[in-house]
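Participant: when you get a sec, could you give me coordinates for this:
(one chain, ligands or ions: 1)
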Amino acid sequence: MQHLYGNVVWRGDVAARVVYLTFDDGPIPEVTPRVLDILGYYGIKATFFCVGENVVKHADIFQRMIAEGHAVGNHTYNHLAGWQTPTDKYLLNVEKAQEAMLAQGADTNLFRPPYGRMRFSQKKVLKDKYQIVLWDVLTHDYNSSYTPQKILDVVRRYTRNGSIINFHDSLKSEKNMLAALPLCIEWLTENGYICKTLCLK
Ligand SMILES: [Zn+2]
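Facilitator: Next up is the predicted model:
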């Protein structure tokens with residue numbers, strides 16, 4: 001992976017016409033299966049940064065992600081805000097999420113901090129075990145003032161070779177994201193982009 005600043009990846013292979021679709025905060029039954037249906041329809045693989053407690057609650061959906069060839073990453077067990085959480089507690093919470101995924105047979109070395117932020121002391125430890133992944137294209141799919149068309153406009157405007165595009169399979173994003181996702185995939189495909197999963201070790 002390229003574009004590493006302070007051990008954090010913002011963007012993938014800039015030399016290739018590839019993008020990486022990522023979905024944070026699931027899996028949840030109201031939204032994630034519909035994302036999997038859309039990705040399956042277009043034959044596209046993505047990366048899901050999962051919340052550990054959702055993996056435990058909705059193991060069947062997590063298993064479906066894996067079975068359908070998507071990659072998974074760690075997004076803490078309780079969607080903790082790093083800067084509001086003591087480092088020891090944060091690290092244990094990340095580890096708990098890792099164990100929840102391991103119990104489902106998934107070993108990931110990808111980590112995305114909730115809200116895209118954490119303390120330096122947290123990053124310092126996590127960077128040795130995980131590839132910390134942020135994004136260069138934020139769709140704002142959780143923003144109720146955005147429309148699906150506006151999300152498509154963001155993707156069209158900011159996507160470059162190697163872009164990591166951030167969506168959410170959450171209740172807050174449900175309406176916008178599910179309507180925007182097919183539009184974005186069709187635009188990306190028409191413009192020659194191949195969607196890949198983020199690399200695992
Ligand atoms: Zn999140």
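
Participant: helices and strands around the longest strand along the chain, which ones?
Facilitator: In the chain, assigned by DSSP state E, the strand with the most residues is strand 18-24. Counting by 3 or more C-beta pairs under 8 Å, 6 or more residues apart in numbering; DSSP states H and E, the packing neighbours recorded for strand 18-24 are helix 32-42, strand 47-50, strand 164-168, strand 194-195. Placement of C-beta: from N, CA and C, glycine included.

Participant: most tightly surrounded among the ones you listed?
Facilitator: With neighbours taken as mean count of other C-beta atoms under 10 Å, the helices and strands packed on strand 18-24 reach their highest mean count in strand 47-50, at a mean of 28.

Participant: tell me the pLDDT at residue 186?
Facilitator: Looking at residue 186, its pLDDT stands at 98.

Participant: from the ion, how far out is the closest residue in space to residue 198 that isn't next to it in sequence?
Facilitator: In space, residue 198 comes closest to residue 47 once its chain neighbours are excluded; the distance is 4.6 Å by C-beta to C-beta, 6 or more residues apart in numbering. From residue 47 across to the ion, the span is 13 Å (C-beta to the ion, to the nearest Å).

Participant: what residues are bridge-paired with residue 47?
Facilitator: Here residue 47 sits in beta bridges with residue 22, residue 71, going by DSSP bridges.

Participant: who are the contact partners of it?
Facilitator: By C-beta atoms under 8 Å, 6 or more residues apart in numbering, the residues touching residue 47 are 20-23, 70-73, 110, 133, 197-198.

Participant: can you add distance to residue 170, neighbour count and pLDDT and give these back as TSV?
Facilitator: Converted to TSV, those look like this (distance: C-beta to C-beta, whole Å; neighbours: other C-beta atoms under 10 Å; pLDDT from 0 to 100):
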residue	distance to residue 170	neighbour count	pLDDT
20	19	27	97
21	15	29	98
22	13	24	98
23	9	30	98
70	17	20	97
71	19	21	97
72	16	24	98
73	15	26	98
110	18	23	97
133	18	25	96
197	20	19	96
198	19	23	93
